[in-house]
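K.L.:
I'll drop the sequence and a predicted model, then ask my questions.
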Amino acid sequence: MDIKSLLKQIEHESFLGDENVEITGITNDSRKVVHGDIFVAVKGFTADGHRFIGGALKNGAAAVICNHIPEESKGRGNFIVVREPRESMAYAADILYGHPSKKINIAGVTGTNGKTSTTYLLKGIYDYIGEKSGIIGTIGVLIDGEKIKVDNTTPESADLQKYFAMMAEKSITHCFIEVSSHALELNRVDDVSIDVGIFTNLTRDHLDFHKTMENYYQAKKKLFHLTKINNIINVDDPYGERLYRELKQEGINAISIGIDKDADIRASNLVTTMNGTGFDLNVQGTIKKAHVNTPGRFSVLNSLGALGAAYATGADIDRVIEALGKIKGVTGRFEMLENNLGCTIILDFAHTPDGLQKVMDTINEFAEGRKIVMFGAGGERDSARRAPMGEIAGKYCDLSILTSDNPRFEDPYDICREIAEGVEKYNGKYEIIIERNKAVYYAIDNSRSKDVILLAGKSTEPYQDMGVEKIPYDEGSIAKKAIIDVERKRGLVR
(Lines give C-alpha, C1' and ligand atoms only; values in the text may rest on other atoms or scores of the structure.)
Protein backbone atom coordinates (compact mmCIF):
# COMPACT_ATOMS: atom_id res chain seq x y z
CA MET A 1 0.00 0.00 0.00
CA ASP A 2 1.22 3.52 -0.71
CA ILE A 3 0.74 6.55 1.51
CA LYS A 4 -1.85 8.03 -0.87
CA SER A 5 -4.13 4.99 -0.43
CA LEU A 6 -3.86 5.19 3.34
CA LEU A 7 -4.57 8.92 3.40
CA LYS A 8 -7.87 8.30 1.61
CA GLN A 9 -9.00 6.07 4.48
CA ILE A 10 -7.83 7.85 7.64
CA GLU A 11 -8.71 11.22 9.09
CA HIS A 12 -5.74 13.58 9.08
CA GLU A 13 -5.13 17.29 9.41
CA SER A 14 -2.34 17.60 6.86
CA PHE A 15 0.30 15.70 4.92
CA LEU A 16 3.83 16.75 4.03
CA GLY A 17 5.99 14.67 1.69
CA ASP A 18 5.72 12.12 -1.13
CA GLU A 19 2.34 10.33 -1.31
CA ASN A 20 3.65 7.59 -3.59
CA VAL A 21 6.00 5.96 -1.07
CA GLU A 22 5.14 2.34 -0.21
CA ILE A 23 4.35 1.39 3.41
CA THR A 24 4.50 -2.18 4.71
CA GLY A 25 4.19 -2.01 8.50
CA ILE A 26 3.54 0.22 11.48
CA THR A 27 5.02 0.65 14.98
CA ASN A 28 5.28 3.20 17.77
CA ASP A 29 8.74 1.93 18.83
CA SER A 30 11.47 3.77 16.92
CA ARG A 31 13.94 1.00 17.81
CA LYS A 32 11.82 -1.56 15.94
CA VAL A 33 11.35 0.51 12.79
CA VAL A 34 12.46 -1.20 9.57
CA HIS A 35 12.43 0.12 6.02
CA GLY A 36 8.85 0.69 4.87
CA ASP A 37 7.30 1.13 8.34
CA ILE A 38 5.14 3.98 9.52
CA PHE A 39 6.41 5.32 12.84
CA VAL A 40 3.70 6.65 15.14
CA ALA A 41 4.84 9.31 17.60
CA VAL A 42 2.80 8.49 20.69
CA LYS A 43 3.03 10.34 23.97
CA GLY A 44 3.69 7.68 26.62
CA PHE A 45 3.83 7.68 30.42
CA THR A 46 7.47 8.76 30.61
CA ALA A 47 8.46 9.87 27.12
CA ASP A 48 7.00 11.63 24.09
CA GLY A 49 7.42 9.71 20.83
CA HIS A 50 7.99 12.95 18.95
CA ARG A 51 11.48 12.95 20.48
CA PHE A 52 12.29 9.76 18.57
CA ILE A 53 11.14 10.78 15.11
CA GLY A 54 14.71 11.43 14.00
CA GLY A 55 15.80 7.95 15.05
CA ALA A 56 12.82 6.36 13.30
CA LEU A 57 13.64 8.17 10.05
CA LYS A 58 17.25 7.09 10.35
CA ASN A 59 16.07 3.48 10.70
CA GLY A 60 14.10 3.72 7.45
CA ALA A 61 10.61 4.90 8.39
CA ALA A 62 8.58 5.47 5.22
CA ALA A 63 6.28 7.91 7.01
CA VAL A 64 5.55 9.38 10.43
CA ILE A 65 2.15 9.81 12.07
CA CYS A 66 2.32 12.65 14.62
CA ASN A 67 0.33 15.57 15.94
CA HIS A 68 3.09 18.07 15.14
CA ILE A 69 6.32 18.02 13.14
CA PRO A 70 9.42 18.90 15.17
CA GLU A 71 11.45 21.68 13.55
CA GLU A 72 14.57 19.53 13.31
CA SER A 73 12.67 16.83 11.37
CA LYS A 74 10.96 19.01 8.75
CA GLY A 75 12.01 18.11 5.22
CA ARG A 76 13.54 14.79 6.31
CA GLY A 77 10.57 12.49 5.71
CA ASN A 78 6.87 12.04 5.01
CA PHE A 79 4.55 13.31 7.74
CA ILE A 80 0.88 12.57 8.39
CA VAL A 81 -0.33 15.07 10.98
CA VAL A 82 -3.31 13.92 13.05
CA ARG A 83 -5.19 15.00 16.14
CA GLU A 84 -4.64 11.82 18.19
CA PRO A 85 -1.75 9.55 17.09
CA ARG A 86 -2.93 6.64 19.27
CA GLU A 87 -6.35 6.57 17.64
CA SER A 88 -4.85 6.95 14.18
CA MET A 89 -2.37 4.14 14.84
CA ALA A 90 -5.19 1.71 15.64
CA TYR A 91 -7.15 2.66 12.55
CA ALA A 92 -4.11 2.65 10.23
CA ALA A 93 -2.87 -0.71 11.55
CA ASP A 94 -6.25 -2.32 10.91
CA ILE A 95 -6.14 -1.05 7.31
CA LEU A 96 -2.50 -1.96 6.67
CA TYR A 97 -2.93 -5.56 7.82
CA GLY A 98 -6.16 -6.07 5.88
CA HIS A 99 -8.72 -5.97 8.73
CA PRO A 100 -7.45 -9.29 10.17
CA SER A 101 -9.62 -9.35 13.30
CA LYS A 102 -12.68 -9.73 11.06
CA LYS A 103 -11.25 -13.04 9.82
CA ILE A 104 -11.09 -14.54 13.33
CA ASN A 105 -13.62 -15.12 16.12
CA ILE A 106 -12.32 -13.03 19.02
CA ALA A 107 -13.23 -13.22 22.71
CA GLY A 108 -11.94 -10.39 24.92
CA VAL A 109 -11.54 -10.96 28.66
CA THR A 110 -11.34 -8.11 31.14
CA GLY A 111 -11.27 -7.92 34.94
CA THR A 112 -8.79 -7.48 37.77
CA ASN A 113 -8.14 -11.19 38.21
CA GLY A 114 -8.76 -14.33 36.14
CA LYS A 115 -8.04 -13.00 32.65
CA THR A 116 -5.13 -15.33 31.87
CA SER A 117 -6.85 -18.40 33.30
CA THR A 118 -10.00 -17.69 31.30
CA THR A 119 -8.13 -17.31 28.00
CA TYR A 120 -6.24 -20.58 28.55
CA LEU A 121 -9.44 -22.37 29.52
CA LEU A 122 -10.94 -21.20 26.25
CA LYS A 123 -7.92 -22.46 24.36
CA GLY A 124 -8.23 -25.81 26.13
CA ILE A 125 -11.89 -26.00 25.14
CA TYR A 126 -11.21 -25.31 21.46
CA ASP A 127 -8.18 -27.63 21.40
CA TYR A 128 -10.51 -30.37 22.65
CA ILE A 129 -13.18 -29.48 20.10
CA GLY A 130 -10.53 -29.55 17.38
CA GLU A 131 -10.53 -25.91 16.27
CA LYS A 132 -7.33 -23.85 16.00
CA SER A 133 -6.99 -20.97 18.43
CA GLY A 134 -4.48 -18.40 19.63
CA ILE A 135 -3.93 -16.31 22.75
CA ILE A 136 -2.77 -12.76 23.41
CA GLY A 137 -2.12 -11.84 27.03
CA THR A 138 0.09 -11.68 30.10
CA ILE A 139 2.05 -14.85 29.38
CA GLY A 140 2.63 -13.81 25.76
CA VAL A 141 1.20 -14.36 22.29
CA LEU A 142 0.55 -17.99 21.33
CA ILE A 143 0.27 -18.66 17.59
CA ASP A 144 0.27 -22.21 16.23
CA GLY A 145 2.62 -23.48 18.95
CA GLU A 146 4.95 -20.46 18.82
CA LYS A 147 5.12 -18.18 21.87
CA ILE A 148 6.05 -14.51 21.44
CA LYS A 149 6.98 -12.41 24.48
CA VAL A 150 5.12 -9.13 24.97
CA ASP A 151 5.71 -6.16 27.27
CA ASN A 152 2.07 -5.41 28.08
CA THR A 153 -0.92 -7.59 28.94
CA THR A 154 -2.59 -6.11 25.85
CA PRO A 155 -0.03 -5.05 23.21
CA GLU A 156 -0.22 -1.73 21.39
CA SER A 157 -2.76 -1.58 18.55
CA ALA A 158 -0.11 -1.85 15.80
CA ASP A 159 1.24 -5.07 17.32
CA LEU A 160 -2.24 -6.45 17.97
CA GLN A 161 -3.24 -6.15 14.34
CA LYS A 162 0.04 -7.76 13.27
CA TYR A 163 -0.61 -10.73 15.57
CA PHE A 164 -4.17 -11.09 14.25
CA ALA A 165 -2.78 -11.10 10.71
CA MET A 166 -0.26 -13.80 11.66
CA MET A 167 -3.07 -15.91 13.13
CA ALA A 168 -5.23 -15.50 10.03
CA GLU A 169 -2.30 -16.63 7.86
CA LYS A 170 -2.03 -19.77 10.01
CA SER A 171 -5.77 -20.50 9.53
CA ILE A 172 -6.46 -19.89 13.22
CA THR A 173 -10.19 -19.40 13.69
CA HIS A 174 -10.40 -18.24 17.32
CA CYS A 175 -8.36 -15.80 19.39
CA PHE A 176 -8.68 -15.16 23.12
CA ILE A 177 -7.27 -11.85 24.27
CA GLU A 178 -6.77 -10.30 27.70
CA VAL A 179 -8.05 -6.74 27.51
CA SER A 180 -6.58 -4.54 30.23
CA SER A 181 -8.12 -1.31 31.47
CA HIS A 182 -5.01 0.50 30.21
CA ALA A 183 -5.63 -0.94 26.74
CA LEU A 184 -9.22 0.28 26.75
CA GLU A 185 -8.23 3.77 27.86
CA LEU A 186 -5.27 4.00 25.46
CA ASN A 187 -7.05 2.92 22.26
CA ARG A 188 -5.18 -0.37 21.89
CA VAL A 189 -8.30 -2.34 20.94
CA ASP A 190 -9.87 0.35 18.77
CA ASP A 191 -10.93 -1.11 15.40
CA VAL A 192 -10.62 -4.69 16.69
CA SER A 193 -13.65 -6.82 15.78
CA ILE A 194 -14.56 -8.52 19.08
CA ASP A 195 -17.32 -11.14 19.11
CA VAL A 196 -17.69 -11.83 22.83
CA GLY A 197 -16.66 -9.95 25.96
CA ILE A 198 -16.08 -11.62 29.34
CA PHE A 199 -16.07 -9.78 32.69
CA THR A 200 -14.36 -11.67 35.54
CA ASN A 201 -14.39 -9.21 38.47
CA LEU A 202 -13.27 -5.77 39.59
CA THR A 203 -11.28 -5.07 42.74
CA ARG A 204 -8.82 -2.38 43.76
CA ASP A 205 -5.90 -2.20 41.33
CA HIS A 206 -4.19 0.25 38.95
CA LEU A 207 -5.43 3.29 40.87
CA ASP A 208 -2.06 4.92 40.22
CA PHE A 209 -3.39 5.21 36.64
CA HIS A 210 -7.19 5.42 37.00
CA LYS A 211 -7.23 7.40 40.29
CA THR A 212 -10.71 6.17 41.32
CA MET A 213 -12.59 2.87 41.24
CA GLU A 214 -15.34 4.54 39.20
CA ASN A 215 -12.81 5.49 36.49
CA TYR A 216 -11.45 1.93 36.61
CA TYR A 217 -14.96 0.51 36.19
CA GLN A 218 -15.83 2.83 33.32
CA ALA A 219 -12.61 1.86 31.52
CA LYS A 220 -13.50 -1.83 31.81
CA LYS A 221 -17.07 -1.20 30.67
CA LYS A 222 -15.83 0.10 27.30
CA LEU A 223 -15.11 -3.46 26.16
CA PHE A 224 -18.77 -4.44 26.25
CA HIS A 225 -19.76 -1.68 23.87
CA LEU A 226 -17.34 -3.11 21.28
CA THR A 227 -18.70 -6.66 21.08
CA LYS A 228 -20.77 -8.01 18.17
CA ILE A 229 -22.46 -11.14 19.57
CA ASN A 230 -22.73 -11.28 23.37
CA ASN A 231 -21.14 -10.57 26.74
CA ILE A 232 -20.54 -12.94 29.67
CA ILE A 233 -20.77 -11.19 33.04
CA ASN A 234 -19.90 -12.52 36.51
CA VAL A 235 -22.78 -11.19 38.62
CA ASP A 236 -21.36 -12.58 41.86
CA ASP A 237 -19.01 -9.61 41.68
CA PRO A 238 -20.73 -6.34 42.77
CA TYR A 239 -19.34 -4.45 39.79
CA GLY A 240 -20.37 -7.31 37.53
CA GLU A 241 -23.92 -7.18 38.88
CA ARG A 242 -23.98 -3.46 38.12
CA LEU A 243 -22.46 -3.98 34.67
CA TYR A 244 -25.01 -6.67 33.74
CA ARG A 245 -27.89 -4.44 34.84
CA GLU A 246 -26.55 -1.44 32.92
CA LEU A 247 -25.88 -3.41 29.74
CA LYS A 248 -29.41 -4.80 29.79
CA GLN A 249 -30.82 -1.30 30.28
CA GLU A 250 -28.76 -0.10 27.33
CA GLY A 251 -30.05 -2.89 25.11
CA ILE A 252 -26.69 -4.67 24.89
CA ASN A 253 -26.63 -8.49 24.88
CA ALA A 254 -25.38 -10.06 28.10
CA ILE A 255 -25.41 -13.51 29.72
CA SER A 256 -24.98 -13.67 33.50
CA ILE A 257 -22.81 -16.25 35.27
CA GLY A 258 -22.48 -16.90 38.99
CA ILE A 259 -22.48 -19.17 41.98
CA ASP A 260 -24.11 -17.15 44.75
CA LYS A 261 -26.44 -15.06 42.58
CA ASP A 262 -29.22 -16.26 40.30
CA ALA A 263 -27.71 -16.34 36.80
CA ASP A 264 -28.29 -17.62 33.26
CA ILE A 265 -25.33 -19.97 33.74
CA ARG A 266 -24.87 -21.00 37.36
CA ALA A 267 -22.76 -23.42 39.39
CA SER A 268 -24.07 -24.90 42.65
CA ASN A 269 -23.26 -27.65 45.15
CA LEU A 270 -19.50 -27.16 44.83
CA VAL A 271 -17.23 -29.87 46.25
CA THR A 272 -13.56 -28.90 46.41
CA THR A 273 -10.48 -31.05 47.01
CA MET A 274 -6.87 -30.38 46.12
CA ASN A 275 -7.57 -32.26 42.87
CA GLY A 276 -10.25 -29.84 41.67
CA THR A 277 -13.87 -28.82 42.13
CA GLY A 278 -17.02 -30.65 41.07
CA PHE A 279 -20.37 -28.86 40.76
CA ASP A 280 -23.86 -28.87 39.30
CA LEU A 281 -24.07 -26.69 36.21
CA ASN A 282 -27.34 -24.99 35.31
CA VAL A 283 -27.32 -23.61 31.75
CA GLN A 284 -30.51 -21.62 31.27
CA GLY A 285 -32.60 -24.28 33.01
CA THR A 286 -30.75 -27.43 31.95
CA ILE A 287 -28.73 -29.04 34.78
CA LYS A 288 -25.56 -31.04 34.14
CA LYS A 289 -22.63 -32.33 36.19
CA ALA A 290 -19.24 -30.65 35.68
CA HIS A 291 -15.71 -30.75 37.09
CA VAL A 292 -12.65 -28.51 36.77
CA ASN A 293 -9.18 -29.67 37.72
CA THR A 294 -8.03 -26.47 39.43
CA PRO A 295 -9.65 -26.21 42.88
CA GLY A 296 -11.64 -23.27 44.15
CA ARG A 297 -14.63 -21.03 43.55
CA PHE A 298 -12.51 -18.61 41.54
CA SER A 299 -11.60 -21.48 39.21
CA VAL A 300 -15.26 -22.40 38.77
CA LEU A 301 -16.15 -18.78 37.95
CA ASN A 302 -13.33 -18.58 35.39
CA SER A 303 -14.63 -21.81 33.87
CA LEU A 304 -18.17 -20.43 33.70
CA GLY A 305 -16.83 -17.40 31.82
CA ALA A 306 -15.03 -19.59 29.29
CA LEU A 307 -17.99 -21.94 28.97
CA GLY A 308 -20.37 -18.99 28.48
CA ALA A 309 -18.23 -17.50 25.72
CA ALA A 310 -17.98 -20.82 23.87
CA TYR A 311 -21.71 -21.42 24.30
CA ALA A 312 -22.56 -17.91 23.04
CA THR A 313 -20.65 -18.55 19.82
CA GLY A 314 -22.28 -21.90 19.08
CA ALA A 315 -20.10 -24.55 20.74
CA ASP A 316 -21.84 -27.75 21.88
CA ILE A 317 -22.33 -27.46 25.64
CA ASP A 318 -21.68 -31.15 26.35
CA ARG A 319 -18.37 -31.02 24.48
CA VAL A 320 -17.42 -27.89 26.42
CA ILE A 321 -18.16 -29.62 29.75
CA GLU A 322 -16.08 -32.62 28.64
CA ALA A 323 -13.23 -30.28 27.75
CA LEU A 324 -13.30 -28.54 31.14
CA GLY A 325 -12.92 -31.93 32.80
CA LYS A 326 -9.80 -32.65 30.72
CA ILE A 327 -7.94 -29.33 31.02
CA LYS A 328 -5.09 -29.68 33.51
CA GLY A 329 -4.82 -26.02 34.43
CA VAL A 330 -2.78 -22.96 33.53
CA THR A 331 0.94 -22.76 34.20
CA GLY A 332 1.53 -20.45 37.15
CA ARG A 333 -2.15 -20.20 38.12
CA PHE A 334 -2.75 -22.27 41.26
CA GLU A 335 -0.12 -24.62 39.85
CA MET A 336 0.88 -27.40 42.24
CA LEU A 337 4.57 -28.20 42.04
CA GLU A 338 5.48 -31.87 42.28
CA ASN A 339 7.62 -32.81 45.28
CA ASN A 340 8.49 -35.62 47.70
CA LEU A 341 8.52 -33.41 50.78
CA GLY A 342 5.03 -34.37 51.93
CA CYS A 343 3.75 -30.82 51.48
CA THR A 344 1.75 -28.92 48.87
CA ILE A 345 3.61 -26.14 47.04
CA ILE A 346 1.48 -23.79 44.93
CA LEU A 347 2.66 -21.24 42.38
CA ASP A 348 0.14 -18.46 41.74
CA PHE A 349 -0.08 -14.94 40.30
CA ALA A 350 -2.20 -13.51 43.15
CA HIS A 351 -0.88 -9.96 43.63
CA THR A 352 -3.91 -8.03 44.88
CA PRO A 353 -5.86 -8.30 48.15
CA ASP A 354 -8.80 -9.90 46.33
CA GLY A 355 -6.59 -12.34 44.45
CA LEU A 356 -4.78 -13.39 47.62
CA GLN A 357 -8.06 -13.70 49.54
CA LYS A 358 -9.57 -16.04 46.92
CA VAL A 359 -6.50 -18.27 46.82
CA MET A 360 -6.38 -18.48 50.62
CA ASP A 361 -10.11 -19.29 50.77
CA THR A 362 -9.46 -22.19 48.39
CA ILE A 363 -6.44 -23.44 50.35
CA ASN A 364 -8.57 -23.34 53.53
CA GLU A 365 -10.93 -25.87 51.97
CA PHE A 366 -8.33 -28.65 51.87
CA ALA A 367 -5.36 -27.63 54.05
CA GLU A 368 -4.48 -30.06 56.86
CA GLY A 369 -1.18 -28.61 58.09
CA ARG A 370 0.38 -25.18 58.38
CA LYS A 371 -0.33 -22.50 55.79
CA ILE A 372 2.71 -20.54 54.61
CA VAL A 373 2.64 -17.69 52.11
CA MET A 374 5.51 -15.88 50.39
CA PHE A 375 4.72 -12.62 48.61
CA GLY A 376 5.57 -8.94 48.15
CA ALA A 377 4.03 -5.84 46.60
CA GLY A 378 4.99 -3.67 43.65
CA GLY A 379 6.88 -0.43 44.12
CA GLU A 380 5.54 2.86 42.75
CA ARG A 381 2.08 1.36 42.48
CA ASP A 382 -1.04 1.55 44.66
CA SER A 383 0.59 1.43 48.11
CA ALA A 384 -2.80 1.30 49.88
CA ARG A 385 -3.15 -2.40 49.07
CA ARG A 386 0.04 -3.43 50.91
CA ALA A 387 -1.32 -3.53 54.48
CA PRO A 388 -4.59 -5.24 53.42
CA MET A 389 -2.57 -8.01 51.76
CA GLY A 390 -0.63 -8.33 55.00
CA GLU A 391 -3.89 -8.58 56.94
CA ILE A 392 -5.08 -11.46 54.75
CA ALA A 393 -1.76 -13.26 55.24
CA GLY A 394 -1.80 -12.63 58.99
CA LYS A 395 -5.37 -13.85 59.32
CA TYR A 396 -5.02 -17.04 57.29
CA CYS A 397 -1.38 -18.12 57.55
CA ASP A 398 0.89 -19.60 60.17
CA LEU A 399 3.87 -17.90 58.56
CA SER A 400 4.22 -15.06 56.05
CA ILE A 401 7.49 -14.57 54.19
CA LEU A 402 7.63 -11.01 52.88
CA THR A 403 9.91 -10.34 49.94
CA SER A 404 10.62 -8.24 46.88
CA ASP A 405 8.17 -7.99 43.96
CA ASN A 406 9.03 -5.39 41.30
CA PRO A 407 10.20 -2.72 43.78
CA ARG A 408 11.16 -0.35 40.96
CA PHE A 409 12.74 2.71 42.59
CA GLU A 410 11.30 2.09 46.07
CA ASP A 411 13.24 0.44 48.88
CA PRO A 412 11.91 -3.16 48.99
CA TYR A 413 12.44 -3.32 52.76
CA ASP A 414 10.16 -0.31 53.26
CA ILE A 415 7.50 -2.02 51.13
CA CYS A 416 7.78 -5.18 53.23
CA ARG A 417 7.44 -3.15 56.42
CA GLU A 418 4.16 -1.68 55.13
CA ILE A 419 2.89 -5.20 54.41
CA ALA A 420 4.07 -6.32 57.85
CA GLU A 421 1.85 -3.72 59.54
CA GLY A 422 -1.12 -5.66 58.17
CA VAL A 423 0.27 -9.02 59.30
CA GLU A 424 0.82 -7.63 62.81
CA LYS A 425 -2.86 -6.65 63.11
CA TYR A 426 -3.60 -10.37 63.39
CA ASN A 427 -0.49 -11.11 65.45
CA GLY A 428 0.78 -13.13 62.51
CA LYS A 429 4.29 -14.54 62.39
CA TYR A 430 6.45 -13.27 59.53
CA GLU A 431 9.96 -13.08 58.16
CA ILE A 432 11.32 -10.43 55.81
CA ILE A 433 13.72 -11.85 53.21
CA ILE A 434 14.32 -9.24 50.50
CA GLU A 435 16.10 -11.45 47.95
CA ARG A 436 13.20 -13.33 46.42
CA ASN A 437 15.10 -16.47 45.37
CA LYS A 438 16.28 -16.83 48.98
CA ALA A 439 12.71 -16.33 50.20
CA VAL A 440 11.52 -19.15 47.92
CA TYR A 441 14.24 -21.45 49.23
CA TYR A 442 13.49 -20.53 52.86
CA ALA A 443 9.79 -21.38 52.42
CA ILE A 444 10.55 -24.80 50.95
CA ASP A 445 13.50 -25.60 53.23
CA ASN A 446 11.37 -24.95 56.31
CA SER A 447 8.43 -27.05 55.13
CA ARG A 448 6.87 -29.81 57.19
CA SER A 449 4.61 -32.69 56.26
CA LYS A 450 1.10 -31.55 55.22
CA ASP A 451 2.12 -27.88 54.98
CA VAL A 452 0.60 -25.82 52.17
CA ILE A 453 3.08 -23.29 50.78
CA LEU A 454 1.82 -20.53 48.50
CA LEU A 455 4.38 -18.69 46.35
CA ALA A 456 2.32 -15.69 45.30
CA GLY A 457 2.70 -12.71 43.00
CA LYS A 458 5.31 -13.46 40.35
CA SER A 459 4.18 -16.75 38.84
CA THR A 460 5.28 -16.74 35.18
CA GLU A 461 6.31 -13.06 35.08
CA PRO A 462 9.81 -13.29 33.58
CA TYR A 463 11.54 -10.43 35.40
CA GLN A 464 12.04 -8.39 38.55
CA ASP A 465 11.57 -4.67 37.86
CA MET A 466 14.36 -2.98 39.82
CA GLY A 467 13.76 0.49 38.42
CA VAL A 468 16.92 0.97 36.40
CA GLU A 469 16.53 -2.45 34.77
CA LYS A 470 14.37 -5.54 34.55
CA ILE A 471 16.34 -8.52 35.80
CA PRO A 472 15.38 -11.95 34.36
CA TYR A 473 13.53 -14.05 36.93
CA ASP A 474 11.72 -17.40 36.75
CA GLU A 475 9.92 -18.31 39.99
CA GLY A 476 8.83 -21.72 38.73
CA SER A 477 12.39 -22.81 37.88
CA ILE A 478 13.75 -21.37 41.13
CA ALA A 479 11.12 -23.24 43.16
CA LYS A 480 11.72 -26.53 41.34
CA LYS A 481 15.48 -26.27 41.91
CA ALA A 482 14.86 -25.53 45.58
CA ILE A 483 12.58 -28.57 45.86
CA ILE A 484 15.26 -30.84 44.38
CA ASP A 485 17.94 -29.39 46.66
CA VAL A 486 15.83 -29.79 49.82
CA GLU A 487 14.85 -33.34 48.83
CA ARG A 488 18.52 -34.26 48.45
CA LYS A 489 19.35 -32.60 51.75
CA ARG A 490 16.67 -34.71 53.45
CA GLY A 491 17.80 -37.89 51.71
CA LEU A 492 14.67 -38.23 49.61
CA VAL A 493 14.73 -39.69 46.09
CA ARG A 494 12.41 -38.26 43.44
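P.N.:
Nice, thanks for sending it over.

K.L.:
Next, the contact list for Gly278, please.
P.N.:
Each residue near Gly278 by CB atoms under 8 Å, 6 or more residues apart in numbering is listed here: Leu270, Val271, Lys289, Ala290, His291. Quick note: C-beta positions are derived from backbone N, CA and C, even for glycine.

K.L.:
The stretch 101-250 of the chain: strands as residue ranges?
P.N.:
105-110, 133-137, 140-143, 146-148, 174-178, 194-199, 227-234 (DSSP state E, counting those that start in this stretch).

K.L.:
May I see the ones you listed arranged in CSV, with distance to Val82, mean pLDDT and mean neighbour count as well?
P.N.:
Putting the strands of the stretch 101-250 of the chain into CSV (distance: least, CB to CB, whole Å; pLDDT from 0 to 100; neighbours: other CB atoms under 10 Å) gives the following:
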stretch, distance to Val82, mean pLDDT, mean neighbour count
strand 105-110, 26, 97, 28
strand 133-137, 26, 96, 25
strand 140-143, 27, 94, 20
strand 146-148, 28, 92, 12
strand 174-178, 26, 97, 27
strand 194-199, 24, 98, 27
strand 227-234, 27, 98, 24
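
K.L.:
Nearest to Ala393, out of these?
P.N.:
strand 227-234 (25.3 Å; CB to CB).

K.L.:
Now do that closest one: which elements does it pack against?
P.N.:
Helices and strands touching strand 227-234, as assessed by 3 or more CB pairs under 8 Å, 6 or more residues apart in numbering; DSSP states H and E, comprise strand 194-199, helix 238-249, strand 255-258, helix 297-312.

K.L.:
Next SSE downstream of the longest one?
P.N.:
Later in the chain than helix 297-312, the nearest helix or strand by DSSP states H and E is helix 317-326.

K.L.:
Show me what counts as buried in that next one.
P.N.:
Ile317, Val320, Ile321, Ala323, Leu324 (16 or more other CB atoms under 10 Å).

K.L.:
Point out where this structure drops to low pLDDT.
P.N.:
204-210, 494 (pLDDT under 70).

K.L.:
can we see that at 80?
P.N.:
45-46, 204-211, 493-494 (pLDDT under 80).

K.L.:
list the contacts for Gly390?
P.N.:
By CB under 8 Å, 6+ apart, the neighbours of Gly390 are Ser400, Leu402, Glu418, Ile419, Ala420, Glu421, Gly422, Val423, Glu424, Lys425, Gly428.

K.L.:
what do you get if the cut-off is 10 Å, keeping everything else the same?
P.N.:
Contact analysis of Gly390 by CB atoms under 10 Å, 6 or more residues apart in numbering lists 353, 356, 375, 377, 400, 402, 416-426, 428, 430.

K.L.:
I'd like to know which of those are buried.
P.N.:
Buried among the contacts of Gly390 by 16+ other CB under 10 Å: 353, 356, 375, 377, 400, 402, 416, 418-420, 422-423, 428, 430.

K.L.:
ok so, going back, make JSON lines out of the helices and strands packed on strand 227-234 and add distance to Asn231.
P.N.:
Below are these laid out as JSON lines (distance: least, CB to CB, whole Å):
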{"stretch": "strand 194-199", "distance to Asn231": "4"}
{"stretch": "helix 238-249", "distance to Asn231": "6"}
{"stretch": "strand 255-258", "distance to Asn231": "7"}
{"stretch": "helix 297-312", "distance to Asn231": "8"}
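
K.L.:
hmm, back to that, Glu13: which of the buried ones among the contacts of Gly390 is nearest?
P.N.:
Out of these, the member with the shortest distance to Glu13 (by CB to CB) is Ala377, at 44.2 Å.

K.L.:
Okay, and the closest one sits in which element?
P.N.:
Using DSSP H and E, Ala377 falls outside every helix and strand.

K.L.:
so the residue lying closest to it once chain neighbours are set aside, which of the three states?
P.N.:
Once flanking residues are discounted, Ala377 sits nearest to Arg386: 4.6 Å by CB to CB, 6 or more residues apart in numbering. On the three-state scheme (DSSP: H, G, I helix; E, B strand; the rest coil), Arg386 is labelled helix.

K.L.:
OK, contacts around Ile392?
P.N.:
Contact analysis of Ile392 by CB under 10 Å, 6+ apart lists 350, 353-361, 373, 375, 400, 422-423, 426, 428.

K.L.:
So it lies in a helix, does it not?
P.N.:
Yes - judged by three-state DSSP, Ile392 forms part of a helix.

K.L.:
measure it to Asp465 for me?
P.N.:
To Asp465, Ile392 is 23 Å away according to CB to CB, to the nearest Å.

K.L.:
again with Cys175
P.N.:
28 Å.

K.L.:
circling back: redo the buried residues of helix 317-326 as CSV? Include distance to Glu146.
P.N.:
Listed next are the buried residues of helix 317-326 as CSV, based on distance: CB to CB, whole Å:
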residue, distance to Glu146
Ile317, 31
Val320, 26
Ile321, 30
Ala323, 23
Leu324, 26
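
K.L.:
which one of those residues sits closest to Lys221?
P.N.:
The closest of the buried residues of helix 317-326, once distances to Lys221 are taken by CB to CB, is Val320, at 26.8 Å.

K.L.:
Any idea which residue is closest to the centre of the protein?
P.N.:
In the chain, the centroid-proximal residue (CA atoms, centre = their mean) is Thr138; its distance is 4.2 Å.

K.L.:
And that residue, how far from Lys74?
P.N.:
For Thr138, the distance to Lys74 - CB to CB - is 41 Å.

K.L.:
Could you do Val468 as well?
P.N.:
The value you get for Val468 to Lys74, if CB to CB is used, is 35 Å.

K.L.:
Number of residues surrounding the nearest residue to Asp18 once chain neighbours are set aside?
P.N.:
In this structure, Asp18 finds its nearest non-sequential neighbour in Asn78, 5.8 Å apart by CB to CB, 6+ apart. When counting by other CB atoms under 10 Å, one arrives at 19 neighbours for Asn78.

K.L.:
Many thanks, we can stop here.
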